[in-house]
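[1] compute the structure for the input listed below.
(one chain, ligands or ions: 2)
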Amino acid sequence: MAWFPIMIELGGRPCLVAGGGTTAQRKARSLLEAGALVKVVSLRFVAGFDSLDVRREARAVRPQDVQGMALVVDATGDPETARQLRAACRSAGIPFNCAAHPEKEDAAFPAILRRGSLVAGISTSGASPAAAAWVRDRLDDAIPDTFEEILTQMENLRQRAKQRFPEQRQRAAFLHACLDAALEKGAPLTAAETDEMERTVR
Ligand SMILES: C[C@@]1(CC(=O)O)c2cc3[nH]c(cc4nc(cc5[nH]c(cc(n2)[C@H]1CCC(=O)O)[C@@](C)(CC(=O)O)[C@@H]5CCC(=O)O)C(CC(=O)O)=C4CCC(=O)O)c(CCC(=O)O)c3CC(=O)O
Ligand SMILES: NC(=O)C1=CN([C@@H]2O[C@H](COP(=O)(O)OP(=O)(O)OC[C@H]3O[C@@H](n4cnc5c(N)ncnc54)[C@H](O)[C@@H]3O)[C@@H](O)[C@H]2O)C=CC1
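    Ligands and ions are numbered 1, 2, ... in the order given. Okay, here's the model as predicted:
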């Protein structure tokens, strides 16, 4: 296995989940957290779907269902359904995730950590989803509670650095110095502290 991690924009984009079991429920929730418009087609649905903001269709899934989707997830556990959906996705150029047969998929779900703008996806190349989740949880423990606020400040400081420093080298030095100082302090810097950083770098 040699998987390449890539971030894909799913906000406001339609995604199909085939199957209505607990695995489909977890995949659907994960897609909703990314802002996707989720349609779930399944013969039956577990009760957990009642609290999810998805469009449900109670029927067998068909290859035509993949049309117009940004991503398709098969969580039916049925090899023939997986084969048909994968073929339909392949010919339409749509990324396909198969919960039960990783060897048949083009895309896998990692264990995900979200903290404001931070998104981390951890994979073990299919070896152990439990181990991927364990690494995600350790990462979660290691990142301070204030990280989200610091990240918001860093986003603003990047705009400021682009305006104030003509050279990339200065911009990078300023941004690294601000990040190190904020993490050391455990909170976003004050205006006086960022002004001081700017003077130091000049
Ligand atoms: C290849 C991959 C394809 C994909 O689903 O995209 C895949 C495949 C399979 N998973 C199986 C089982 C379980 N998976 C989970 C949970 C998660 N599985 C996830 C991802 C992936 N699972 C992809 C690779 C990820 C990587 O590279 O590491 C996570 C990270 C993300 C997510 O699903 O959203 C999420 C943790 C999320 C979290 O905690 O946040 C649990 C629940 C638990 O752990 O309690 C169990 C039951 C316990 C167990 O079996 O360990 C089986 C065997 C099924 C069987 O036995 O019938 C297969 C098929 C096979 O391997 O053959
Ligand atoms: N990737 C992962 O993280 C995990 C994958 N799995 C695998 O994923 C598969 C699904 O797991 P569960 O949700 O526990 O199974 P499940 O049997 O509870 O759910 C399967 C769902 O698919 C529906 N379905 C079956 N054939 C269909 C069809 N042709 N059209 C529409 N709907 C159809 C069923 O009505 C049911 O709702 C299993 O094969 C399991 O081995 C299981 C756990 C985790």
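
[2] just the strands in this protein please.
    Assigned by DSSP state E, the chain shows strands spanning 14-18, 37-42, 55-58, 71-74, 96-98, 111-115, 118-122.

[3] would JSON lines of these with distance to ligand 1 be doable?
    All C-beta spots, glycine's among them, are computed from the backbone N, C-alpha and C. Shown next, in JSON lines, are the strands of the chain (distance: least, C-beta to the nearest ligand atom, whole Å):
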{"stretch": "strand 14-18", "distance to ligand 1": "11"}
{"stretch": "strand 37-42", "distance to ligand 1": "13"}
{"stretch": "strand 55-58", "distance to ligand 1": "19"}
{"stretch": "strand 71-74", "distance to ligand 1": "8"}
{"stretch": "strand 96-98", "distance to ligand 1": "5"}
{"stretch": "strand 111-115", "distance to ligand 1": "4"}
{"stretch": "strand 118-122", "distance to ligand 1": "7"}
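
[4] make CSV out of those and add mean neighbour count and distance to Arg90.
    CSV is the format used below for the strands of the chain (neighbours: other C-beta atoms under 10 Å; distance: least, C-beta to C-beta, whole Å):
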stretch, mean neighbour count, distance to Arg90
strand 14-18, 25, 15
strand 37-42, 21, 19
strand 55-58, 13, 23
strand 71-74, 27, 11
strand 96-98, 24, 7
strand 111-115, 16, 26
strand 118-122, 15, 23
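
[5] which among these is found nearest to ligand 2?
    strand 37-42 (4.0 Å; C-beta to the nearest ligand atom).

[6] any stretches of this protein with poor pLDDT?
    1 (pLDDT under 70).

[7] wait, Ala60 touches Arg44, no?
    No - taking contacts as C-beta atoms under 8 Å, Ala60 lies outside contact range of Arg44: 11.0 Å.

[8] and the two? Which one has more around it.
    Ala60 (13 against 9; other C-beta atoms under 10 Å).

[9] quick one: that one and Ala181, what's the gap?
    58 Å (C-beta to C-beta, to the nearest Å).

[10] ok, the closest residue to Ser123 other than its chain neighbours - contacts?
    Excluding its sequence neighbours, the residue lying closest to Ser123 (C-beta to C-beta, 6 or more residues apart in numbering) is Pro110, at 4.4 Å. By C-beta atoms under 8 Å, 6 or more residues apart in numbering, the residues touching Pro110 are 5, 121-123, 132.
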